[in-house]
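Engineer: Turn this into a structure:
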Amino acid sequence: MKVVRINKKNISGAGFCLSVLLFLLVIGAFINGASAFSGKARSEGDVTLKNAISRATVQCYAIEGRYPPSVEYLEEHYGIQIDRQRYHVFYEGFASNIMPEITVISAEK
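Structural biologist: Residues are numbered from 1 along each chain as shown. Coordinates of the predicted model:
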């Protein structure tokens, strides 16, 4: 029968490796969660900007009796702010009494 002696150095080395592995798993989970949150916030930013432009467009129609001729008009007169580096905005108006087509696309995709 063989007697196995437990060495304190072996136990502390295994504990250290386990602690490092657990730390790396926690860091990995944090990075994964932050990345998922950032992606969701970015995709919701498109919808939020489109809704803001639509509301300002309808408000302009209610106040002035016509839809705005461009997005730049909304920026100047209705306080719309567009980060042109993050979003491409397409605003296609057919006539001043017909709601324009508004498309917002993220430039970062």
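Engineer: CA only for contacts and neighbour counts going forward, please
Structural biologist: OK.
Engineer: Quick one: neighbours of Ile105, just the number.
Structural biologist: 17 (other Cα atoms under 10 Å).
Engineer: Assign a three-state SS to it, would you?
Structural biologist: What DSSP: H, G, I helix; E, B strand; the rest coil gives for Ile105 is strand.
Engineer: That one pairs with what?
Structural biologist: Beta-bridge pairing for Ile105 (DSSP bridges): His88.
Engineer: Tally up the residues packed near Gly65, please.
Structural biologist: A total of 12 residues lie near Gly65 under the criterion other Cα under 10 Å.
Engineer: count of neighbours near Gly67?
Structural biologist: Gly isn't right for residue 67; it's Tyr. Other residues within reach of Tyr67, judged by other Cα under 10 Å, total 23.
Engineer: sec struct for it, please.
Structural biologist: Three-state call for Tyr67 (three-state DSSP): coil.
Engineer: For it, which residues are in contact?
Structural biologist: Going by Cα atoms under 8 Å, 6 or more residues apart in numbering, Tyr67 touches 57-58, 60-61, 96-100.
Engineer: Now with 7 Å, please.
Structural biologist: Taking Cα atoms under 7 Å, 6 or more residues apart in numbering as the contact definition, Tyr67 lies against 57, 60-61, 96-97, 99.
Engineer: show me where the protein has helices.
Structural biologist: Ranges of helices in the chain, per DSSP state H, are 8-64, 71-78.
Engineer: out of those, nearest to Glu108?
Structural biologist: Glu108 lies closest to helix 8-64 among these, at 8.9 Å (Cα to Cα).
Engineer: now the closest one and helix 71-78, what's the angle there?
Structural biologist: Angle of helix 8-64 versus helix 71-78, following axes from the mean of the first three to the mean of the last three Cα atoms, to 10 degrees, is 80 degrees.
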